[in-house]
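> below: sequence and its predicted model.
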Amino acid sequence: MHIQTIITQPFNDQKPGTSGLRKKVKIFQQTGYLENFVQSIFDTLSEAGGLPTDATLTVGGDGRYYNRHAIQTIIKMAAANGFARVIVGQAGIFSTPAVSHIIRKYQTFGGMILSASHNQGGVHGDFGIKYNISNGGPAPEKITDEVFAKSKVITAYKIADLPEIDIDTLGETSFDGGNFTVQVMNAVQDYADLMQTLFDFPAIKRLLTSGFQMKFDAMHAVTGPYAQEIFINRLGASAHSLMNCVPSEDFGGGHPDPNLTYAEDLVKIMFSGETAPDFGAASDGDGDRNMILGKNFFVTPSDSLAVLAANATLVPAYVHGIAGVARSMPTSGAVDRVAAKLNIPCYETPTGWKFFGNLMDAGKVTLCGEESFGTSSNHVREKDGLWAVLFWLNVLAQKNTAGAACSVEQILKSHWTEFGRNVYSRHDYETIPTDAANDVMQHIKTQFASLPNQKFGSYAVKTCDDFSYHDSIDGSVSHNQGVRILFVDGSRIVFRLSGTGTEGATLRIYLEAFEPDSTKQSVDAQGALAEMIQIALKISQLKEKTGRDTPTVIT
Ligand code: VG1
Ligand code: CO
C-alpha cells in the first residue's frame, strides 16, 4: 500500500459549529477542502495520545450528495493515517444514532458522520462532517477547537493509493497483507436489534395491528430503511404507515427538517380532521431528530421530553426509573418540573448534543433533550429520532390496552394538569446578514444593566445574562451560549445565533411562559405568547436592524 503525502494550503473557515463542519457542497468540493479537515481530525487524534494498533473508524452518512465521494476519500486517508479497519454502512448509509451505537457496540476508536443533518442537500445544498469519539458521542469542544487550530496551519495530508472500494456489497476487503481492512456492514440490523432490547415490541405490535393508525415520514432521508425494518418487518405496521422512506441525494428537493413548516405533507395528513391517523412522526436528514404529532395535535419537543421522563417506567429499558435528566438551556423547563416531582437531578447545558456526553458517561442522567426536536437516552450518545418515536409508541401501547383508549392529546393534557404547562415557541429568522444579526445580539447585551426591573406591559424583567456553562465533570467552561431575559413571573425570552447554518446568520428567539391553571392551558401558543413576541422585537430592535419582523420558521 503506497502512502502519498500531498502538499496543501490551509482554509480559514473550517471551524466546527454546533454539530460538526457544515458548508455548501461547492465549498467542500474545492481541492483539498475535505482532505484538510479530515487530516486535521487525524492529526488531533494522534497528538492526543495516538491510535491503538487495531484502531477502527466507523464511517457513514445520511446518503446526501457527496457522501459517496467523501467516504472513498476518508477510507484512503484512514488507511494512510494508521487505522487498521474502517466499518462503513452499506451504500455509505448510517443514521447518526446508528453510528453512535456501532462505535459503542464494536468499541471502535471513533466515527465520522457525513451529514449536514436538517440542512438541505443536493449539488446546491449543504454537506457536513462530524467526528464522534469512542463513547459514541460528538467530539467535545476541546477536540473541535484543536481540529480548527490545526486546519489553519495544515501543510500536507496523507492518503493511501487504494482502488475504489465497493461500499454496496456486504463483506470485508483487506489490503496491504491484511494490515488494513474495510468492512461493509448492514446499516440497519444492529440498530434495530438495540431498539428491540429497549422497548416492548410485542405490545407495540399489538397496538399497530389493532386498528391504531400511525404515519411516519422519513422525509426522503436516512431513516427510511430503518423505519421499513422496524415498523413494517418487526412491528407489523401496514405499508401505508410510511411515507418518503427511500433516501435520496437531495431529499426529494425538500428540507429534511421535521417541523411544522418543512414536514408539510405529514402535517396536512395529521391535521385532516376525524380521519387523521392517531399518531404521526417525522425525522430529519441524519435521523437524530423527531417530531411527534397526534390526531390534529402537535407536541412541542420540550413537552415531549417531559412526557417521556414522566412515563419512563412504562418502557422496559427504564422500568426501574431514570437517574436524572438534562436539557439544553433554550429548551423549556417542562422537564424540570417532572424531575422535581421524581426527585432526580435536572441539568441545563448549552445547545448541542456534545454537552450531554459527560453527564451520561458519569451516570448522572438517563434522558436528555433539546427544543430542536432532539431527544434520546444513554443507550447511545447522540439524539435519536426513531428511539423517540418508539418510546411514544411504547407509552401509547401501555395506555391503549383493551378497554382503554388514550390519545396523544389526552396524554399531553393530563400531563399539563399534573405539572402545569410551559407554553413555548421558537421563532427563527433565517439568512439574515451576519453583521445585522451580530448587531442585534450586541444591542441586547448593551441593555444588560438597564433591563432589570423594567416593565414591559404585563411583564417585568428580573435578570438577564449571557449563558455560560461549567461542565461539572471535566471542569470545562463554555461562554456566550445565548442571551437570556428572565421575567419576574418565571417566563423568559432567549436570543441565540445558530451554529449550523451555512448562509448568513440565523437568529433564534425562544419564548416561554408558565401556565399552572388547567382551565387556561388549552390555548394556542402563538396567541398566548403574543405579548412576549412584541417585547422580544422591541428589546432586540430586530425590525429596525434587519428589516425583518416575520420569522421564517415558527415551532
Ligand atoms: C441546531 C439546534 C440544536 C441541535 C443542532 C444540531 O443548532 O438548535 O439544538 O443540537 O442544530 O442538530 P443551532 O446552532 O443551529 O441552533 V442536527 O439534527 O442538525 O445535527
Ligand atoms: Co440531525
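Done, it's in. Residues are numbered from 1 along each chain as shown. Ligands and ions are numbered 1, 2, ... in the order given.
> now name the helix or strand holding the closest residue to ligand 2 within the stretch 401-550 of the chain.
Closest to ligand 2 within the stretch 401-550 of the chain is Thr500: 8.9 Å, counting by CB to the ion. In this view, the C-beta of every residue, glycine as well, is placed from N, C-alpha and C. Following DSSP states H and E, one finds Thr500 outside all helices and strands.
> report how many residues lie close to it.
Neighbours of Thr500 under the rule other CB atoms under 10 Å: 19.
> pull the contacting residues for it.
Neighbouring residues of Thr500 by CB atoms under 8 Å, 6 or more residues apart in numbering: Gly17, Thr18, Ser19, Arg22, Ala116, Ser117, His118, Asn119, Thr506.
> same thing with Asp474?
Taking CB under 8 Å, 6+ apart as the definition, contacts of Asp474 comprise Pro140, Lys142, Asn358.
> repeat for Glu503
Lys24, Thr431.
> next one: it from Gly352, what distance?
20 Å (CB to CB, to the nearest Å).
> try Gly171
Relative to Gly352, Gly171 is positioned 36 Å away (CB to CB).
> these two: who's more crowded?
Counted by other CB under 10 Å, Gly171 and Gly352 do not tie: Gly352 has more neighbours, with 21 against 10.
> Ser522 contacts Lys413, correct?
Yes - contact criterion CB atoms under 8 Å: Ser522 and Lys413 qualify, at 7.2 Å.
> out of the two, which sits in the more crowded spot?
Set Ser522 next to Lys413 and count neighbours by other CB under 10 Å: Lys413 wins out with 16 against 12.
> what sits against Asp336?
Each residue near Asp336 by CB under 8 Å, 6+ apart is listed here: Arg327, Cys346.
> and after the host helix or strand of it, which helix or strand comes next?
Using DSSP H and E, Asp336 falls within helix 334-342. Note on helix 334-342: by DSSP H and E, the next helix or strand toward the C-terminus is strand 346-349.
> what sits up against that following strand?
Contact partners of strand 346-349, identified using CB under 8 Å, 6+ apart, comprise 324-329, 335-336, 339-340, 355-356, 359, 364-365, 469.
> identify each buried residue in that strand, please.
Cys346, Tyr347, Thr349 (16 or more other CB atoms under 10 Å).
> ok, so of those residues, who is nearest Leu242?
Taking CB to CB as the measure, Thr349 is the one of these closest to Leu242, at 33.6 Å.
> which residues are in contact with the spatially closest residue to that closest one that is not a sequence neighbour?
Spatial nearest neighbour of Thr349, chain neighbours left out: Phe355 (3.8 Å); criterion: CB to CB, 6 or more residues apart in numbering. Going by CB under 8 Å, 6+ apart, Phe355 touches Ser328, Thr349, Tyr469, Asp471, Ser478.
> count of residues packed around the residue in the stretch 51-200 of the chain that ligand 2 sits nearest to?
The stretch 51-200 of the chain approaches ligand 2 most closely through Ser117 (3.2 Å), counting by CB to the ion. By other CB under 10 Å, the residues close to Ser117 number 27.
> are we agreed that Ile113 is in a helix?
No - looking at Ile113 with DSSP: H, G, I helix; E, B strand; the rest coil, it is strand, so not inside a helix.
> for Gly20, see how far away the closest residue to it other than its chain neighbours is.
Computed as CB to CB, 6+ apart, the closest residue to Ile113 that is not its neighbour in sequence is Lys130, at 4.5 Å. Noted for Lys130: a distance of 3 Å to Gly20, by CB to CB.
> most neighbours among the contacts of Thr500, which one is it?
With neighbours set by other CB under 10 Å, the maximum within these is found at Ala116, which has 30 neighbours.
> what's the separation between it and Gly20?
For Ala116, the distance to Gly20 (CB to CB) stands at 8 Å.
> between those two, what contacts are shared?
Taking CB under 8 Å, 6+ apart as the contact rule, Ala116 and Gly20 both touch Gly128.
> what residues does the stretch 101-250 of the chain have near ligand 2?
Residues of the stretch 101-250 of the chain that fall close to ligand 2, judged by CB under 5 Å from the ion: Ser117.
> all helices for the stretch 301-450 of the chain, in order.
Listed in chain order, the helices found in the stretch 301-450 of the chain under DSSP state H, counting those that start in this stretch are 301-310, 334-342, 357-361, 385-399, 408-419, 434-445.
> and of those, who's closest to Val319?
Across the helices of the stretch 301-450 of the chain, closest to Val319 is helix 385-399 (CB to CB), at 10.9 Å.
> which parts of the protein sit against ligand 2?
Residues of the chain lying close to ligand 2 (CB under 5 Å from the ion) are Ser117, Asp284, Asp286, Asp288, Arg289.
> out of those, which is nearest to ligand 2?
Of those, the one sitting nearest to ligand 2 (CB to the ion) turns out to be Ser117, at 3.2 Å.
> isn't that closest one right next to Gly287, touching?
No - assessed by CB under 8 Å, Ser117 is found out of contact with Gly287, at 9.2 Å.
> which residues do the two both contact?
Common contact partners of Ser117 and Gly287 (CB under 8 Å, 6+ apart): Asp62, Thr96.
> neighbours around the nearest residue to Ser540 once chain neighbours are set aside, how many?
Nearest residue to Ser540, sequence neighbours excluded (CB to CB, 6+ apart): Val440, at 5.1 Å. Neighbours of Val440 under the rule other CB under 10 Å: 25.
> now Val440: how far from Asp465?
For Val440, the distance to Asp465 - CB to CB - is 17 Å.
> swap in Leu45?
Leu45 is 36 Å from Asp465, by CB to CB.
> the two - which one has more neighbours?
Legend: neighbour count by other CB under 10 Å for Leu45 and Asp465, higher for Leu45 (24 against 12).
> quick revisit: mind listing what the nearest residue to the residue of the stretch 401-550 of the chain closest to ligand 2 once chain neighbours are set aside touches?
Nearest residue to Thr500 in three dimensions, chain neighbours excluded: Thr18, at 5.1 Å (CB to CB, 6+ apart). For Thr18, the contacting residues are Thr351, Gly352, Ser498, Gly499, Thr500, by CB under 8 Å, 6+ apart.
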